[in-house]
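*Asks:* the following block contains a protein sequence and its predicted model.
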Amino acid sequence: EALQLQPPDMELAAKPNWNGLLESCAALLAQRDEGRFGEDDVAEIALDYAAALVGNSLAVVEAGEAGRHAALLLDVCAFYPICAMLNLWCVEAYLALVQHA
């Protein structure tokens, strides 16, 4: 059964100084560290993270953090292979990183 996700929280991407991205990344990493990747509620956190990354990709690349975020996107896609909305946002975030690299 496919996950039914809510649209991403675009306010995270709009926070100044990429604070929204840092918040969503920290939340996602905490879930990963707890071994919760693959659970339905974590998919929402991952979606918010990917959307925030799209909005902050230039700053991430300029800070030299693109590789770290690209690896996390791949982890998300590996744990949610049939969640189309999440995978599309991850691809969009990855392409945004590549565009600015």
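*Replies:* On my side now, so go ahead.

*Asks:* below-threshold pLDDT in the chain: ranges please.
*Replies:* 1 (pLDDT under 70).

*Asks:* so which residue is smack in the middle of the chain?
*Replies:* Ala50 (2.5 Å; CA atoms, centre = their mean).

*Asks:* hmm, that residue is touching Leu86, no?
*Replies:* Yes. In this structure, Ala50 is within contact of Leu86 by CB atoms under 8 Å, at 7.0 Å. For the C-beta atoms, the positions are set from N, CA and C on the backbone; glycine is no exception.

*Asks:* before we move on, back to that, now for the closest residue in space to the residue nearest to the centre of the chain that isn't next to it in sequence, how many residues are close by?
*Replies:* Sequence neighbours aside, Trp89 is the residue nearest to Ala50 in space, at 3.9 Å (criterion: CB to CB, 6 or more residues apart in numbering). Trp89 has 25 neighbours, counted by other CB atoms under 10 Å.

*Asks:* circling back to that earlier point, for Gly20, see how far away the residue nearest to the centre of the chain is.
*Replies:* Look at Ala50 and Gly20: by CB to CB, to the nearest Å, they are 12 Å apart.
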